[in-house]
Structures are given as C-alpha cells and as structure tokens.
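**Q** Next comes the sequence, and after it the predicted model I'd like to discuss.
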Amino acid sequence: MEEAEKELERRSKFLNSLIQKKKKGIEQHEHESFKVHVRACDMPLPLQNRALQCARLHLESMPPGNKLDNKRLALALKKEFDSSYGPAWHCIVGTSFGSYVTHSVGGFLYFSIDKVYILLFKTAVEPLDH
Amino acid sequence: MEEAEKELERRSKFLNSLIQQKKKAAIESEHEHESSLKVDVRACDMPLPLQNRAFQCARLYLESMPPANKLDSKRLALALKKEFDSSYGPAWHCIVGTSFGSYVTHSVGGFLYFSIDKVYILLFKTAVEPLDH
C-alpha cells in the first residue's frame, strides 16, 4: 500500500507539472498574440519598429476586454513621431476605413496589429512665417 | 340609363386621375430618397464653398453607386482628394470609413470631418515638400 501511495503522489506531481506548463504556455501565447502585419510601407526599419512597439505597448496597457480608443492610440503615435522625428505626422486608427494621401519620402506605414489597422504618414509643414 | 353611364365614366376618370397622381408622388418620393443622404458636419475649419464642394462630391459619388453595393472607401477617398488637389492645390488627404479615429495636423482653413449617410469622411490639407528638396 505504501508503494501505491508513492506512485499516486508521483503521478499527482506530474499532472500538476503538466498543468503549470500549460498555464505558462497560455500566458506566453497571450503575451505574443498581437499579430503584426505590414501592409504597405515606405519607411526606414527603425521607424517601423518604433511604430509597431508603440502600438503594441498601447494595446497591452489596456485592460482586457476594453474597447480600443482609436483616437488615443492615434494621438500617442503622432506625438511620439512628431517629437522623435520632427513634424508633421498624421495617424489614422480603426477597423474599417480607406484612404488616399500624399506623404513625404520615407514617411508612410500602413499596418495591422491584432484587429486594428493603423496608417501613419508624414507630410511637410507650413513655414512658420507663412 | 344614359345619366348613369355618364356618372360611371366621370368616376372612372377621377379614379384614373388619382392613380396617376399616386404614381407621380411615388416617383418624386424616390427622387427625394436619392437626395436624402443626410450630411452632418462634425468638425470643421474650412470655408463654406469648399465644404459644399466636398458634400456635393461625396453625394454624387454615393448616388452613382448601384443600390446595396458595398462602399469602396478608397475610391471615394481618391475622388475627393483628386478634386481638391486639382481645384484648391496640393496636398489634400482623405480618409473614408465607418470606424476610425485620427489625429492629424492640418493647414489653416483645410480641415473637414463630416458624415454622409453612414459613412465618415475626413478631408484635410497640409503643406507639400518643396520640389527642390
């Protein structure tokens, strides 16, 4: 009977171990589940990565189940790019839109992350003495 | 009996007249429906003539689509951008859709955000790079 108890305990530990591994796997999957898809691009790679990172951080910072605030994400991206790479950047965020724009060379990125589409592009600005 | 026949004929003409009026009203009602695409200006920094130009362009485009066809956001965006680029100078940018938010910087007097029927349209102007840049 003592041998049987040891065997049951061993199996119980093994099952717990499997459960823990499964949970870890799920957490990892959740963390990495924001799939990024670049759909159109005229932008140096470092800037692309900056945009993808900014968008991902914003989405991850939202409580699960909360509705995305398109305007806040658009503002976050525009501010980051205006301050880091000079004005003027424009950002559109949504699940259903089409667009036609004129952009500066090297300043255009259209990508999707999770179920959201993001358009980020740069234009010239009016001279201050205009 | 002749009087009765006249009365019947008179009533028949009257009924025909009613039917024709009904048909005419139905046709006019359809016409009204065609122009019933409701426009709602949600944010604006643009002279009135340009606003009206945008509304007219969008309305003509939507009316030209066969009923029940799915909106082609990109084509409408292109139509508006081309019209404004050619009429008021570059560079104009246009976003069309049913679900989006935005943050942009625009030139003075060059910003319009409106809805027409169930579609939202953002139209704005910026400076362009100098050609010798």
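**A** That came through fine.
**Q** Next, work out how far apart the residue sitting nearest the centre point of chain A and chain B are.
**A** Taking Cα atoms, centre = their mean, the centroid of chain A lies closest to A:R56, which sits 2.3 Å from it. Separation of A:R56 from chain B (Cβ to the nearest Cβ, to the nearest Å) stands at 18 Å. In this view, the C-beta of every residue, glycine as well, is placed from N, C-alpha and C.
**Q** I'd say that residue and A:F111 touch.
**A** No - with contact defined as Cβ atoms under 8 Å, A:R56 does not count as touching A:F111 (10.9 Å).
**Q** Just give the nearest non-adjacent residue to A:Y110, would you?
**A** What sits nearest to A:Y110 in space, not counting adjacent residues and going by Cβ to Cβ, 6 or more residues apart in numbering or on different chains, is A:A40, at 4.2 Å.
**Q** roughly how far apart are that neighbour and chain B?
**A** Taking Cβ to the nearest Cβ, one finds A:A40 at 12 Å from chain B.
**Q** List the residues that contact that residue.
**A** Residues in contact with A:A40 (Cβ atoms under 8 Å, 6 or more residues apart in numbering or on different chains) are A:108-110.
**Q** Whichever of these end up buried, select them in PyMOL.
**A** For the buried members of those, the matching PyMOL selection, counting by 16 or more other Cβ atoms under 10 Å in any protein chain shown, is:
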select buried, chain A and resi 108+109+110
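**Q** Format the contacts of A:A40 as CSV; extra columns: distance to A:Q48.
**A** Below are those laid out as CSV (distance: Cβ to Cβ, whole Å):
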residue, distance to A:Q48
A:F108, 10
A:L109, 6
A:Y110, 11
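**Q** out of the contacts of A:A40, which are inside helices?
**A** Among the contacts of A:A40, no member falls in helices (DSSP state H).
**Q** tell me which of the contacts of A:A40 is nearest to A:K35?
**A** Nearest to A:K35 among these, counting by Cβ to Cβ, is A:Y110 at 15.5 Å.
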